[in-house]
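Colleague: Let me see the structure of the following:
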Amino acid sequence: MNYPQALDYLLHQLPLFQYEGKKAYKPGLDNILQLDTWAAHPHRLFPCIHVAGTNGKGSVCHLLASVLQEAGYRTGLYTSPHLKDFRERIRINGHCISQAYVSEFTTAYLDAKKSGTILAPDFSPSFFELTTTMAFSYFAENKVDVAIIEVGLGGRLDSTNIIDPLLSIITSISLDHMDVLGNNIISIATEKAGIIKNRKPVVAGKNSAEVYQLLREQAEQRQASFYLAEELLQLQGETFNKGSRLTVSAGAWQELGTFTCGLAGQYIPENASLALAALKLLKQDFKKINAPALLRGFEQVVTNTGIRGRWEILQEKPLCICDTGHNQAGLRMVTEQLAATPHKQLHIVLGVVNDKDIGAMLELLPQKAVYYFTKAAVARALPEKELAKLAAGRGLKGQSYPTVAQAKTAALEAAAADDLVFIGGSNFTVAEAL
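Modeller: The predicted model follows:
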């Protein structure tokens, strides 16, 4: 099986939540445990850090990986979803998994099913279950010093939750994936808290008091030390279109003073604070983490890890920016930053998926913008005309375009040099814009 054949099998012959939504979701750990047995438990061969939450997981994971790389550690990074290339999901020191390994692993899996040893011929995992096993195997075979593992969905029943991490990290929690995780913040937080392990420390980012209380109680039940990032250090920051300037004013890492981060976005200071808090706790196990590695890691995060789609500038004059924020909390920060970015007229290319609280998202968007409603080429995407109709009911006006490429072209052609074009609403919209 060559790489195109393996990729076709993974993306089109396995249930893939990224494209299909809830019907592709397989809650429970039975499948991943069978796969783990077949693969000889690769996750036991390297230390790891587990990251769950609603928003900020990707930024925190990439910042941690960048700093650990700069400190001299061979660092695995498993994140989702991918934007342009499947191989983005699995990296070592910023380098994507090889096409050859994807082909070899997929072939070995299909051969194992065919032979009926350990895996039955009718065994049917999801895309995420199989690729999680692929990531763990790749990291083990390449002898990483540490791996950063991002939860795919929720936490308690997520395929990644078979690991026993050195540290669990929980970012901000808000309403998202309510059809799967529950329709209130406590239900969702309970699922995220499922990654907390017995006697293993956990650090949490900015959340409401009720979420903090739940996380603390879950940690106490597991005899896990519980930390809040804001209790470990105080960080202030301001963000620009091409990066952020951060200052540690109290607590851990004061020796950093004022420094730069290669990521932009209103959410970066909050995510950076959590990453720094985690690195303070991790220094006990990874002695080479120090201030120079932190400074280089934050500044070079984009180069080191290949992260994309976070307040990313696509062109100047007109300024065109994309961001993957795709729920109420994420879009609220995006709209705040759009308002703070100098421009004459705002143009918004918007495409969303149909399993979000679209009405709540639309309520956050500015009525003075010109909209270009569109639909990414995935089954979960809401048809552009339906989106336009919903938006019109909330005073958002614009035209509909059947593809992201057409909507992006129309927006750029209509925009003057001092206008601002924003592209977002879902990961898929951003991926096609890139």
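
Colleague: Might you list the low-confidence residue ranges for the chain?
Modeller: Applying pLDDT under 70 to the chain picks out residues 15-27, 175-183.

Colleague: domain ranges for it?
Modeller: Here the domain parsing of the chain from automatic domain parsing is 3-305, 312-433.

Colleague: can I get those in JSON lines with mean neighbour count?
Modeller: Every C-beta, even on glycine, is put in place using the N, C-alpha and C of the backbone. Output for the domains of the chain, formatted as JSON lines (neighbours: other C-beta atoms under 10 Å):
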{"stretch": "domain 3-305", "mean neighbour count": "20"}
{"stretch": "domain 312-433", "mean neighbour count": "19"}
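
Colleague: which ones are touching the spatially most central residue of the chain?
Modeller: The C-alpha lying nearest the average C-alpha coordinate of the chain belongs to residue 58 (C-alpha atoms, centre = their mean; 3.4 Å). Shown in contact with residue 58 (C-beta atoms under 8 Å, 6 or more residues apart in numbering): 79, 150, 307, 310, 324.

Colleague: what's the distance between it and residue 256?
Modeller: Counting by C-beta to C-beta, to the nearest Å, the separation of residue 58 from residue 256 is 22 Å.

Colleague: Likewise for residue 420?
Modeller: For residue 420 relative to residue 256 (C-beta to C-beta), the value is 32 Å.

Colleague: Over to residue 366?
Modeller: For residue 366, the distance to residue 256 - C-beta to C-beta - is 36 Å.

Colleague: Repeat that for residue 272.
Modeller: According to C-beta to C-beta, residue 272 and residue 256 sit 10 Å apart.

Colleague: And residue 204, by the same measure?
Modeller: 21 Å.

Colleague: secondary structure element for residue 387?
Modeller: According to DSSP states H and E, residue 387 maps onto helix 384-392.

Colleague: Contacts for the next helix or strand after that helix, please.
Modeller: Note on helix 384-392: by DSSP H and E, the next helix or strand toward the C-terminus is strand 398-400. Applying C-beta under 8 Å, 6+ apart, the contact partners of strand 398-400 are 348, 370-374, 384-385, 387-388, 391, 410.

Colleague: what are the phi and psi values for the residue in the chain sticking out farthest from the centre?
Modeller: Farthest-out residue of the chain from its mean C-alpha position, per C-alpha atoms, centre = their mean: residue 115, at 36.1 Å. Torsion angles at residue 115 (phi, psi; degrees, to the nearest 10) stand at phi -80, psi -20.

Colleague: quick one, strands of the stretch 201-350 of the chain?
Modeller: 202-204, 226-228, 233-240, 243-251, 258-261, 312-315, 319-322, 346-350 (DSSP state E, counting those that start in this stretch).

Colleague: Make CSV from those and add distance to residue 359 to it.
Modeller: Output for the strands of the stretch 201-350 of the chain, formatted as CSV (distance: least, C-beta to C-beta, whole Å):
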stretch, distance to residue 359
strand 202-204, 29
strand 226-228, 33
strand 233-240, 28
strand 243-251, 31
strand 258-261, 34
strand 312-315, 27
strand 319-322, 23
strand 346-350, 14
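
Colleague: and of those strands, who's closest to residue 38?
Modeller: The closest of the strands of the stretch 201-350 of the chain to residue 38 is strand 202-204. By C-beta to C-beta, the value is 30.0 Å.

Colleague: pretty sure residue 410 is touching residue 404, no?
Modeller: No: applying C-beta atoms under 8 Å as the test, residue 410 and residue 404 come out as separate, 10.7 Å apart.

Colleague: Tell me if I'm right that residue 337 and residue 240 touch.
Modeller: No: Residue 337 lies out of contact with residue 240 (C-beta under 8 Å); the separation is 10.0 Å.

Colleague: before we move on, back to that, roughly how far apart are the residue nearest to the centre of the chain and residue 151?
Modeller: Residue 58 is 11 Å from residue 151, by C-beta to C-beta.

Colleague: if I pick residue 136, what's in contact with it?
Modeller: Residues near residue 136 by C-beta under 8 Å, 6+ apart: 36, 39, 42-43, 163.

Colleague: Restricted to helices, list the residues you listed.
Modeller: Counting by DSSP state H, the contacts of residue 136 place residue 36 in helices.

Colleague: State the pair within the contacts of residue 136 that is farthest apart.
Modeller: Of all pairs in the contacts of residue 136, the most separated under C-beta to C-beta is 39 and 163 at 13.2 Å.

Colleague: Can you add distance to residue 6 and give the contacts of strand 398-400 back as JSON lines?
Modeller: Formatted as JSON lines, the contacts of strand 398-400 follow (distance: C-beta to C-beta, whole Å):
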{"residue": "348", "distance to residue 6": "37"}
{"residue": "370", "distance to residue 6": "43"}
{"residue": "371", "distance to residue 6": "39"}
{"residue": "372", "distance to residue 6": "36"}
{"residue": "373", "distance to residue 6": "36"}
{"residue": "374", "distance to residue 6": "31"}
{"residue": "384", "distance to residue 6": "33"}
{"residue": "385", "distance to residue 6": "36"}
{"residue": "387", "distance to residue 6": "34"}
{"residue": "388", "distance to residue 6": "39"}
{"residue": "391", "distance to residue 6": "40"}
{"residue": "410", "distance to residue 6": "37"}
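
Colleague: and which of these is nearest residue 63?
Modeller: Closest to residue 63, out of all of those and judged by C-beta to C-beta, is residue 348, at 28.0 Å.

Colleague: That closest one and residue 374, how far apart?
Modeller: 10 Å.

Colleague: still on that earlier bit, how much space is there between the residue nearest to the centre of the chain and residue 267?
Modeller: With C-beta to C-beta as the criterion, residue 58 and residue 267 are 11 Å apart.

Colleague: Contacts only, for residue 283.
Modeller: residue 289.

Colleague: Kindly report the same for residue 269.
Modeller: Contact analysis of residue 269 by C-beta under 8 Å, 6+ apart lists 235-239, 244, 246.
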